[in-house]
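**Student:** predicted model and sequence follow; I will ask about them next.
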Amino acid sequence: MGLIMILTYSCSHGASKKDAQNAENRVLQSEDGTISLKLEEAACYSDESNPSGNTAEWEIVISEPGRFHVWLSSATKDTTDLSYSNSVRISILDKHLEVDPACDKIIRNASEFPAHYFRADSYMGSFFVSEPGQYNIQIISEKVIAKNSGTSNTSITDDTMLMSVFLTPMTR
């Protein structure tokens, strides 16, 4: 059962397939301005010897520029401690955010999450994008696991799994 969860909630693309998968990896901004980035849809790079450098990348298309709140969404069994060993780094353009994820919002019974897990959203900060266009966004965390990494990862028994990143437009 745990192995199935890892395969379902880890990255779907390896580094060797990145160029071929670019069109599939492109994420469009929704009508309400939100950009939802699921880890399972990212191009991922995993390093067994140093998982703190594991990386997920998406190509996003922003049609309505502005300032965006950045949230990290995790599946967790422990709503008091997300147990990230290292801070999580997110970057777009030349802007970088580095935060130790906390349980800022807890959502019970989130349908997209595995049974016995809560959704924990962690506020990471904000980004400003001045022009519409295509951008790359990257997240670096030990919780990023590439499906094809071949590793017998300890995430199978982890109480926390990184699930997604989402950007929500700030309003005045």
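**Tutor:** That came through, no problem.
**Student:** in contact with T80, which residues?
**Tutor:** C103 (Cβ atoms under 8 Å, 6 or more residues apart in numbering). All C-beta atoms are positioned from the backbone trio N, CA, C, and that covers glycine.
**Student:** tell me if it really is in a strand.
**Tutor:** No - read with DSSP: H, G, I helix; E, B strand; the rest coil, T80 is coil and lies in no strand.
**Student:** and the gap between it and G33?
**Tutor:** Per Cβ to Cβ, to the nearest Å, T80 is found 32 Å from G33.
**Student:** for A110, same thing?
**Tutor:** 22 Å.
**Student:** so where do the strands sit in the protein?
**Tutor:** Per DSSP state E, the chain carries strands over the ranges 26-28, 35-38, 43-45, 55-62, 66-76, 88-92, 95-99, 105-107, 118-129, 133-140, 160-169.
**Student:** which one of those lies closest to A146?
**Tutor:** strand 43-45 (4.0 Å; Cβ to Cβ).
**Student:** now the strands of the chain in CSV, with distance to A146?
**Tutor:** Conversion of these to CSV gives the following (distance: least, Cβ to Cβ, whole Å):
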stretch, distance to A146
strand 26-28, 18
strand 35-38, 14
strand 43-45, 4
strand 55-62, 9
strand 66-76, 18
strand 88-92, 17
strand 95-99, 22
strand 105-107, 27
strand 118-129, 22
strand 133-140, 13
strand 160-169, 12
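**Student:** got CSV for those, with mean neighbour count and mean pLDDT too?
**Tutor:** Listed next are the strands of the chain as CSV, based on neighbours: other Cβ atoms under 10 Å; pLDDT from 0 to 100:
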stretch, mean neighbour count, mean pLDDT
strand 26-28, 14, 94
strand 35-38, 20, 96
strand 43-45, 23, 92
strand 55-62, 21, 96
strand 66-76, 21, 95
strand 88-92, 20, 97
strand 95-99, 15, 96
strand 105-107, 12, 91
strand 118-129, 19, 95
strand 133-140, 17, 96
strand 160-169, 22, 94
